[in-house]
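In: sequence unknown, structure follows:
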């Protein structure tokens, strides 16, 4: 097994042994499949890269590369792109790569884990279509990358009318770690009935006003933003999020401010700083932004403190759908193996499936209780 990992990644076996001991490389299993995933960039392979292996074969699924964020469109777009720009909608969910392994559709999270819940839901929703699309592409070399959206998942939940519960939209097709042009993605997904992210326009790189108009419309609709791509993938993409998402994320993250608030705060404030600068916000418009931003930071955090002071638990709450109790227990075991203990509040049968209402306790609950008891903060 270690030899296979070493050969696949071009590393010495001795180094692989050390990386496994330090858990930089995690070895895990999923329904008879054994795989290793990278917890950081290694030997030119991005974080989240997966090596899946059997008795006489192995397969490398490259991690999804990070996308640079633009905050000044008028500067970044003309400098970065060559000529034309494909403007795609950026959906607010979680990144999932889909591969065909031994003719089985498996769903791999951005962190490099085969998620049993996502794999099962995707197979029920799109399994045959995904299988046929990957068969046409060549499953030994190709895999899909896309966004899972909707309210019924354990990771990132936003309501989308086109996928209110659970949906999957492909944003890239990869061949051995290299993305194919967007038009090839659209050809293969549309042929097999697999949804892809909306293409909102193809514009000249100097026509930034048209891109800004697209983003303004998305902002009014409360949607996340855009990914900007070269039509031939000659340069890497850029991403840009709407103020509705920047501020909306703060409202959500600051509910659990002792953990998620720290990572949510500065990056989103930075985006709004440069948006306000680029748009020339002054006077009442700037005051309005400042009030909205401050409210998004303070109100949910203060409500969380009040909730804990009343003796209530602070937790994420969500509902999930499973084929049966075995599938639910498999998911709970998977999350427990990651150190995440979930509380199943209630289960019931609906339309032939098992539904579960689940709570995920947050560390904010423990930290705020300590502050309320001692009057002292753990952060200087």
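Out: That came in fine, so what should we check first? Since the structure is predicted, the reported quantities are computational estimates derived from the model, not experimental observations.

In: contacts and neighbour counts: CA atoms only from here.
Out: Noted.

In: helices of this protein, start to end?
Out: Using DSSP state H, the helices found in the chain span residues 2-9, 13-21, 73-80, 116-137, 182-192, 208-220, 243-253, 260-279, 283-309, 325-337, 363-374.

In: please identify the most buried of the ones you listed.
Out: Mean neighbour count (mean count of other C-alpha atoms under 10 Å) peaks for helix 243-253 among the helices of the chain, with a mean of 21.

In: ok, and what's touching that helix?
Out: Here helix 243-253 makes contact (C-alpha atoms under 8 Å, 6 or more residues apart in numbering) with 219-220, 222-225, 260-261, 264-265, 268-269, 271-272, 292-293, 296-297, 299-300.

In: go through the helices of the chain and name the closest to residue 31.
Out: helix 116-137 (9.0 Å; C-alpha to C-alpha).

In: could you give me the average pLDDT of that closest one?
Out: Averaging the model's pLDDT scores along helix 116-137 yields 97.

In: show me what it is packed against.
Out: strand 94-101, strand 104-109, strand 142-149, helix 182-192, helix 325-337 (3 or more C-alpha pairs under 8 Å, 6 or more residues apart in numbering; DSSP states H and E).

In: make a markdown table out of those and add mean pLDDT.
Out: Shown next, in a markdown table, are these (pLDDT from 0 to 100):
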| stretch | mean pLDDT |
| --- | --- |
| strand 94-101 | 97 |
| strand 104-109 | 97 |
| strand 142-149 | 98 |
| helix 182-192 | 98 |
| helix 325-337 | 97 |
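
In: could I get the ones you listed in TSV, plus columns for distance to residue 199?
Out: Formatted as TSV, the helices and strands packed on helix 116-137 follow (distance: least, C-alpha to C-alpha, whole Å):
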stretch	distance to residue 199
strand 94-101	18
strand 104-109	24
strand 142-149	14
helix 182-192	9
helix 325-337	34
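
In: which of these sits closest to residue 18?
Out: Nearest of these to residue 18, taken as C-alpha to C-alpha: helix 325-337 at 21.3 Å.

In: which other helices and strands contact that closest one?
Out: Helices and strands touching helix 325-337, as assessed by 3+ C-alpha pairs under 8 Å, 6+ apart, comprise helix 116-137.

In: could you rerun that using 10 Å?
Out: Counting contacts by 3 or more C-alpha pairs under 10 Å, 6 or more residues apart in numbering; DSSP states H and E, helix 325-337 is packed against strand 25-30, helix 116-137, strand 315-322, strand 343-350, strand 353-361.

In: what residues does the third one touch?
Out: Contacts made with strand 315-322 from outside it, assessed by C-alpha atoms under 10 Å, 6 or more residues apart in numbering, are listed as 117, 120-121, 151-155, 157, 165-166, 255-256, 327-329, 331, 342-350, 352-365.

In: so how do I select the buried members of those residues in ChimeraX?
Out: Remark: buried members of the contacts of strand 315-322, expressed as a ChimeraX selection using 16 or more other C-alpha atoms under 10 Å:
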select :117,120,121,151,152,153,154,157,165,166,255,256,327,328,331,342,344,347,354,355,356,358,359,360,361,362,364,365
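
In: thanks a lot, see you next time.
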